[in-house]
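**Q** sequence unknown, structure follows:
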């Protein structure tokens with residue numbers, strides 16, 4: 001993707017000056033998921049990807065542009081180059097606020113057992129389980145079956 005000088009000026013005309021967190025918010029069309037959209041070469045492209053391209057060059061193959069919350073960015077429609085970083089899809093997901101990402105960041109199960117190599121079971125669906133709790137649940141299940 002490349003931009004002419006005219007397209008670059010048109011892009012920056014749609015950006016607000018930095019706020020207190022340094023976010024530069026997109027003020028034109030917004031995608032249903034909250035990302036800014038910029039009309040370029042006959043199609044809409046994500047505005048934060050254009051900003052990354054202008055500041056850092058092409059997005060490396062296999063990487064995604066992430067809004068880095070550690071740098072104060074909380075807005076999907078932010079296009080501040082300092083808030084954007086090219087990362088793998090897995091890293092982008094780990095940094096997100098999705099339930100899967102929140103659970104992946106947990107270091108202990110709800111009973112306080114550590115999620116370490118010896119005590120973690122990954123089931124066929126890819127879900128992480130505590131081995132100690134799994135064994136306890138299995139014993140309780142068998143006990144209920146015997147008494148029924």
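**A** All right, it came through fine. As the structure is a prediction and not an experimental result, all values here were calculated from the model.
**Q** contacts, neighbours, all on C-alpha from now
**A** Fine.
**Q** now the strands for this protein?
**A** For the chain, the strands defined by DSSP state E occupy 37-40, 43-46, 64-67, 84-87, 120-122, 128-130.
**Q** in the protein, which ranges drop under the pLDDT threshold?
**A** Filtered on pLDDT under 70, the chain yields no residues whatsoever.
**Q** who touches the longest helix along it?
**A** Ranked by residue count and defined by DSSP state H, the top helix of the chain is helix 131-147. Contacts with helix 131-147, where a contact means C-alpha atoms under 8 Å, 6 or more residues apart in numbering, come from 111, 113, 119-121.
**Q** how does it look with 10 Å?
**A** With contacts defined as C-alpha atoms under 10 Å, 6 or more residues apart in numbering, helix 131-147 is touched by 109-116, 118-122, 130, 148.
**Q** tell me the contacts of residue 104?
**A** Residues in contact with residue 104 (C-alpha under 10 Å, 6+ apart) are 93-95, 98, 115, 127-128.
**Q** and it, how close does it get to residue 91?
**A** Using C-alpha to C-alpha, to the nearest Å, we find residue 104 at a distance of 11 Å from residue 91.
**Q** circling back: of the contacts of helix 131-147 - the most surrounded one?
**A** Among these, residue 130 has the most neighbours (other C-alpha atoms under 10 Å), with 22 neighbours.
**Q** residue contacts, the residue lying closest to that one once chain neighbours are set aside?
**A** The shortest distance from residue 130 to any non-neighbouring residue, by C-alpha to C-alpha, 6 or more residues apart in numbering, is to residue 120 (5.0 Å). Taking C-alpha under 10 Å, 6+ apart, we find residue 120 in contact with 108-109, 113-114, 128-134.
**Q** apply 7 Å and report the result again.
**A** Residues counted as contacts of residue 120 (C-alpha atoms under 7 Å, 6 or more residues apart in numbering) are 128-131.
**Q** pretty sure residue 17 contacts residue 26?
**A** No - using C-alpha atoms under 7 Å, residue 17 is not in contact with residue 26; the gap is 9.7 Å.
**Q** where along the chain do the helices fall?
**A** Along the chain, counting by DSSP H, helices occupy 5-12, 47-56, 89-94, 99-105, 131-147.
**Q** just the buried residues of the fourth one, please?
**A** Meaning helix 99-105. Neighbour-count burial for helix 99-105, counted by 16 or more other C-alpha atoms under 10 Å, picks out residue 101.
**Q** noted, bye for now.
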